[in-house]
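J.: one predicted model, sequence on top.
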Amino acid sequence: MLKLAIRWAVVAVALIVAVLIVPGIKVEGNAWIAVAVTAAILGLVNAFVRPVLAFLACGCIVATLGLFILVINAFTLWLSSWIAQNVFDVGFVVDGFWAAFWGALIVSIVSFILSMFVYDE
């Protein structure tokens with residue numbers, strides 16, 4: 001359970017960094033709640049939707065030597081934002097594809113760097 005909470009916190013920090021860096025990503029209302037809810041949603045979308053998308057797009061992934069994964073990551077970030085806004089009514093807004101693309105890239109890099117400092121058995 002602690003491991004799951006640490007991973008959630010890592011994604012939340014990565015989302016905060018993306019909000020600070022990428023112009024098309026913003027939070028409205030209570031920023032802490034928006035980031036916390038969106039981090040949880042992003043974790044669920046990455047666990048359930050992303051593998052299906054990767055399977056369906058495996059031809060594109062192979063043809064682009066893996067670069068299409070960046071498009072899938074952008075879509076999952078945008079989908080998480082859409083779910084957060086429309087289902088949970090929290091204000092984590094991603095304006096368009098390029099904001100989602102750069103935001104997903106920032107979230108991936110920051111999550112990777114922070115995960116290097118987390119002890120894993």
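T.: Good, I have the coordinates. Numbering: from 1, shown residues only.
J.: burial of Val90, as a residue count?
T.: Summarising burial for Val90: neighbours were counted as other Cβ atoms under 10 Å, giving 23. Using the backbone N, CA and C atoms, a C-beta is placed for each residue, glycine as well.
J.: if you could redo that for Asn86, that was the one I meant.
T.: 9.
J.: how about low-confidence regions in the protein?
T.: Counting by pLDDT under 70, the chain shows low-confidence ranges at 120-121.
J.: residues touching the residue most central in space within the chain, list them.
T.: For the chain, the residue nearest the mean C-alpha position is Leu77 (4.3 Å; Cα atoms, centre = their mean). By Cβ atoms under 8 Å, 6 or more residues apart in numbering, the contact set of Leu77 is Leu42, Val94, Ala100, Gly103, Ala104, Val107.
J.: cool, and Val118?
T.: For Val118, the contacting residues are Ile6, Arg7, Val10, taking Cβ under 8 Å, 6+ apart as the criterion.
J.: so Val93, which state does it fall into?
T.: Using DSSP: H, G, I helix; E, B strand; the rest coil as the criterion, the local structure at Val93 reads strand.
J.: now it. Nearest residue, chain neighbours left out?
T.: Lys26 (5.2 Å; Cβ to Cβ, 6 or more residues apart in numbering).
J.: that neighbour contacts Gly103, correct?
T.: No - shown here, Lys26 and Gly103 do not form a contact pair, counting by Cβ atoms under 8 Å, at 10.5 Å.
J.: before we move on, the earlier item: by neighbour count, which of the contacts of Val118 wins?
T.: If you rank those by neighbour count (other Cβ under 10 Å), Val10 sits at the top with 20 neighbours.
J.: now do the helices in the protein.
T.: For the chain, the helices defined by DSSP state H cover 2-21, 31-56, 58-63, 68-86, 96-116.
J.: just these: most buried one?
T.: Among those, the stretch with the highest mean neighbour count (mean count of other Cβ atoms under 10 Å) is helix 68-86, at a mean of 20.
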